[in-house]
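Asker: When you get a sec, could you give me coordinates for this:
(one chain, ligands or ions: 2)
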Amino acid sequence: MFEVDLEKIKKYDKPGPRYTSYPTAPHFTESFTRENYLDEIIKTNYGEGLPDLSLYFHLPFCDTLCYFCGCNMIITRNRDRVKDYIKYLKKEIDMVRTYILADRKVAQLHWGGGTPTHLKPDEINELASYIKESFQINDDSENGCEIDPRELTREHLEMLRKNGFNRISMGVQDFNEKVQKATNRIQPEDITRQAVQWVRELGFSSVNLDLMYGLPFQTLETFEVTLDKTIDISPDRIAVFNYAHVPWVKKHMALIHPEDLPTPEVKLQILKLTIEKLTKAGYVFIGMDHFAKPDDELAVALREKKLYRNFQGYSTHAGTDLYAMGITGISQLQNVYAQNYKTEKEYFDSINNEALPIARGYRLTDDDILRREVITNLMCNFELDFRQIEEKYKINFKEYFAWGLSNLPEMEKDELVSVKNNKIEVTPMGKLLIRNIAMNFDGYIEHKEDTAKYSRTV
Ligand SMILES: C[S@@+](CC[C@H](N)C(=O)[O-])C[C@H]1O[C@@H](n2cnc3c(N)ncnc32)[C@H](O)[C@@H]1O
Ligand code: SF4
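Answerer: Numbers count the residues shown, from 1 in each chain. Ligands and ions are numbered 1, 2, ... in the order given. I've put the predicted structure just below:
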């Protein structure tokens, strides 16, 4: 358990990347084309010990709008629209499949959204069966799905389980009725408890609950009740996201009245309470917004320094080639990122033209690859060994990262890191500000990238 120092948090709270990739998505460009991407896919089929695959499927549909939502989602009750989307996803699977060597195995599968369980149980079966027929999924593959307890039936979960899903992540946000009403997300506590009970009865190996702080009418007292209820439900993992009110980016957020939002001071107190309470209840603070029970794979990977980060956040699968399908999906091969079109129209048109629906992407330079490794080490292992990087990349670490290292003495004074024997070690308090620490090794920030587009680091 550790004490959170609010003064330090205030000092370092500023916009910064979340580093689900390096470089971050705003650097992707249209000059990286689908032909560039195809060439790269084909290259990944050659060589010794090819990496396993991760597959991500984006299912954007939800039936009602949560006013705080920052996800890539589409509100609809039109079932034909969902059926059409599944039809195109299957076509995209066919296309992607043809380029990848048949014997490459899937180690990780994730359905995200939106709300994947907006699909009816028979639609879940149709898509999941198609994926299983198209790819070879390892017996021990980590197969996760995001669900919304409000529109869930036991049949949805049965169908996921029958198709090999073993992890569930569900949205809660806050148990308080006033908060739920102000955000248009009415989710009575017994619905959440029922969903967790079904998940357990059906033998899923892990369940995650998403909470959010910074929502209207939240106070330290109300959020403490939400935390107590969450601890009582005892999920394997808990994510606690920071709500950023940006109605100029997501117009529907204007439905939340700014005067109802907690002040930055209250938000920080809620964050402090959350970390102290969850760690006291036995959860390990993984990093960023994530907590896990000590025997959960994420906490084990953290201890064994095998944690990794990709577009879905922290993961235990390092080095896979990630293929993302559906609108907005971002794929990550060893040295390139590629993002699908964001609208259904562009996505469908591209597939109708037999073209992979790639809108933009990025090929990493040698400098990006080196910096990505440094940032990944810091974000995931919370330490960095200069010598190891020097040996692998044939650089002089202190010269190469002179700018970033010059920022560390202040962080050392503030007890966020300790720098000695050619090593950076991140302290528990530093883990909370890990994005700020990583930013010192970001070449784009070193060269004065405007960071206003990123969310705040706390
Ligand atoms: C795709 S949703 C989870 C599944 C389902 N759609 C649901 O809401 O129950 C992903 C999660 O992102 C988080 N989220 C959504 N909008 C957010 C925002 N503006 N800021 C931070 N987190 C957000 C919520 O905690 C939400 O549960
Ligand atoms: S939070 Fe989840 S359910 Fe609500 S609109 Fe966003 S994706 Fe849909």
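
Asker: Tell me, what's the model's pLDDT at residue 407?
Answerer: Residue-level confidence at residue 407 comes out at 94, pLDDT.

Asker: Report pLDDT for residue 455.
Answerer: Among the per-residue scores, residue 455 holds a pLDDT of 68.

Asker: again with residue 318
Answerer: Value listed for residue 318 in the pLDDT field: 79.

Asker: Neighbours of the spatially closest residue to it that is not a sequence neighbour, how many?
Answerer: Nearest residue to residue 318, sequence neighbours excluded (CB to CB, 6 or more residues apart in numbering): residue 308, at 4.1 Å. All C-beta atoms are positioned from the backbone trio N, CA, C, and that covers glycine. Residue crowding around residue 308 was assessed by other CB atoms under 10 Å; the count is 16.

Asker: So which residues on the chain come close to ligand 2?
Answerer: Taking CB under 6 Å from any ligand atom as the contact definition, the chain meets ligand 2 at 62, 65, 66, 69, 71, 73, 113, 114, 115, 148, 171.

Asker: anything in the helix or strand that the last one is a member of near ligand 1?
Answerer: Put plainly, it is residue 171. For residue 171, the enclosing helix or strand under DSSP states H and E is strand 167-173. Yes: under the criterion of CB under 6 Å from any ligand atom, ligand 1 is reached by strand 167-173 at 170, 171, 173.

Asker: by contact count, what packs against that strand?
Answerer: Packed against strand 167-173, as judged by 3 or more CB pairs under 8 Å, 6 or more residues apart in numbering; DSSP states H and E, are the following elements: strand 136-147, helix 189-201, strand 206-213.

Asker: show me what contacts residue 226?
Answerer: For residue 226, the contacting residues are 172, 174, 175, 176, 211, by CB atoms under 8 Å, 6 or more residues apart in numbering.

Asker: how many other residues sit next to the residue in the stretch 151-300 of the chain that ligand 1 sits nearest to?
Answerer: When CB to the nearest ligand atom is the measure, the stretch 151-300 of the chain has its nearest residue to ligand 1 at residue 171, with 2.2 Å between them. Each residue near residue 171 was counted by other CB under 10 Å, and the total is 25.

Asker: right, and it touches residue 195 too?
Answerer: No: with contact taken as CB atoms under 8 Å, residue 171 and residue 195 are classed as non-touching, separated by 10.2 Å.

Asker: Identify the contacts common to those two.
Answerer: 147, 149.

Asker: any idea which element residue 238 lies in?
Answerer: Going by DSSP H and E, residue 238 is in strand 237-242.

Asker: what residue ranges in the chain score low on pLDDT?
Answerer: Within the chain, the ranges that satisfy pLDDT under 70 run 1-2, 449, 453-455, 457-458.

Asker: tell me which parts of the stretch 51-200 of the chain are close to ligand 1?
Answerer: 62, 68-71, 112-115, 146, 148, 170-171, 173.

Asker: Rebuild the residues of the chain next to ligand 2 as JSON lines, extending it with secondary structure.
Answerer: Converted to JSON lines, the residues of the chain next to ligand 2 look like this (DSSP: H, G, I helix; E, B strand; the rest coil):
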{"residue": "62", "secondary structure": "strand"}
{"residue": "65", "secondary structure": "coil"}
{"residue": "66", "secondary structure": "coil"}
{"residue": "69", "secondary structure": "coil"}
{"residue": "71", "secondary structure": "coil"}
{"residue": "73", "secondary structure": "coil"}
{"residue": "113", "secondary structure": "strand"}
{"residue": "114", "secondary structure": "coil"}
{"residue": "115", "secondary structure": "coil"}
{"residue": "148", "secondary structure": "coil"}
{"residue": "171", "secondary structure": "strand"}
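
Asker: returning to what we had before: most neighbours per residue, which of the helices and strands packed on strand 167-173?
Answerer: Among those, ranked by average contacts under mean count of other CB atoms under 10 Å, first place goes to strand 206-213 (a mean of 22).

Asker: Which positions within the helix or strand just after it qualify as buried?
Answerer: Once the chain leaves strand 206-213, the next helix or strand it forms, by DSSP H and E, is helix 220-233. Buried residues in helix 220-233, counting neighbours by 16 or more other CB atoms under 10 Å, are found at 222, 223, 226, 227, 229, 230, 231, 233.

Asker: and the angle from helix 220-233 to helix 189-201?
Answerer: Between the direction of helix 220-233 and that of helix 189-201, the angle (axes from the mean of the first three to the mean of the last three CA atoms, to 10 degrees) works out to 30 degrees.

Asker: For the remainder of this discussion, apply numbering that starts at 45.
Answerer: Happy to do that; since the first residue is 45 now, the last one works out to helix 264-277.

Asker: Over to the residue nearest to residue 362: give its phi and psi.
Answerer: Geometry field for residue 352 lists phi and psi as phi -140, psi 160, criterion degrees, to the nearest 10.

Asker: what residues are up against it?
Answerer: With CB under 8 Å, 6+ apart as the criterion, the residues that contact residue 352 are 345, 358, 359, 360, 361, 362, 363, 420, 424.

Asker: How about residue 315?
Answerer: Contacts here follow CB under 8 Å, 6+ apart; on that basis residue 315 touches 48, 53, 257, 284, 286, 502.

Asker: Could you grab the helix/strand/coil label for it?
Answerer: At residue 315, secondary structure determined by three-state DSSP is helix.

Asker: distance of the residue nearest to residue 362 from residue 93?
Answerer: Using CB to CB, to the nearest Å, residue 352 is found at 17 Å from residue 93.

Asker: Pull the contacting residues for whichever residue of the stretch 45-194 of the chain sits closest to ligand 1.
Answerer: Of all residues in the stretch 45-194 of the chain, residue 114 sits closest to ligand 1, with a separation of 2.8 Å (CB to the nearest ligand atom). Counting by CB under 8 Å, 6+ apart, residue 114 touches 288, 290, 294.

Asker: returning to that earlier point: can you put the contacts of residue 315 in TSV and add distance to residue 467?
Answerer: Formatted as TSV, the entries for those read as follows, by distance: CB to CB, whole Å:
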residue	distance to residue 467
48	25
53	25
257	33
284	30
286	30
502	26
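
Asker: I'd like to know which of those residues are buried.
Answerer: Judged by 16+ other CB under 10 Å, buried ones among these: 48, 53, 257, 284, 286, 502.

Asker: Put the alpha carbons of the host helix or strand of residue 406 into PDB.
Answerer: Assigned by DSSP H and E, residue 406 belongs to strand 402-407. Coordinates of the C-alpha atoms in strand 402-407 are reproduced here as PDB (Å, rounded to 0.1, in the frame of the first residue of the first chain):
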ATOM      1  CA  ILE A 402      -6.800   1.000 -44.400                       C
ATOM      2  CA  ALA A 403      -7.200   4.800 -44.100                       C
ATOM      3  CA  ARG A 404      -3.700   5.700 -42.700                       C
ATOM      4  CA  GLY A 405      -0.700   4.300 -40.900                       C
ATOM      5  CA  TYR A 406       2.900   4.700 -39.900                       C
ATOM      6  CA  ARG A 407       6.200   2.900 -40.500                       C
END
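
Asker: Pull the number of nearby residues for residue 66.
Answerer: As a burial measure, residue 66 scores 24 neighbours (other CB under 10 Å).

Asker: what sits against it?
Answerer: By CB under 8 Å, 6+ apart, residue 66 lies in contact with 412, 415, 416, 419, 420, 486.
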